[in-house]
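Student: build the 3D model from these lines:
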Amino acid sequence: MSFLNPQELEVLELVAQGKSNQEIDNELKLNRYEAKTHVSEIFSKLRVVNRTEAAITWALFEKIKEKQEKEYLKNFGEVIVFNQEH
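Tutor: Down below sits the predicted model:
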């Protein structure tokens with residue numbers, strides 16, 4: 001989700017955890033109602049209409065990222081073994 005800035009990614013993760021805008025403001029030490037602005041931007045960028053859809057999108061992204069990391073590590077390990085054998 002490179003089209004979301006780091007602050008939006010933090011907010012999205014907290015939305016996915018079920019946090020309210022006020023809780024997000026408090027946790028990230030944002031100005032009052034700043035989380036609401038971030039959430040609106042996130043919805044627009046992700047083309048979702050509610051927090052549930054945003055949370056599902058975040059969860060799917062995390063699952064894909066985890067799978068890619070595992071595949072990378074597997075391939076990296078195979079390269080190391082190959083290099084040690086030759």
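Student: what about the helices in this structure?
Tutor: Using DSSP state H, the helices found in the chain span residues 6-16, 21-27, 34-46, 51-85.
Student: can you put the ones you listed in TSV and add mean neighbour count?
Tutor: C-beta coordinates here come from the backbone N, C-alpha and C atoms, glycine included. Below are the helices of the chain laid out as TSV (neighbours: other CB atoms under 10 Å):
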stretch	mean neighbour count
helix 6-16	18
helix 21-27	16
helix 34-46	17
helix 51-85	12
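Student: in terms of mean pLDDT, which of those helices ranks lowest?
Tutor: Lowest mean pLDDT within those: helix 51-85, a mean of 77.
Student: from residue 45, how far out is residue 5?
Tutor: 10 Å (CB to CB, to the nearest Å).
Student: check residue 34 too.
Tutor: Applying CB to CB, the value for residue 34 to residue 45 is 16 Å.
Student: cool, residue 69 as well?
Tutor: Distance from residue 69 to residue 45, counting by CB to CB: 23 Å.
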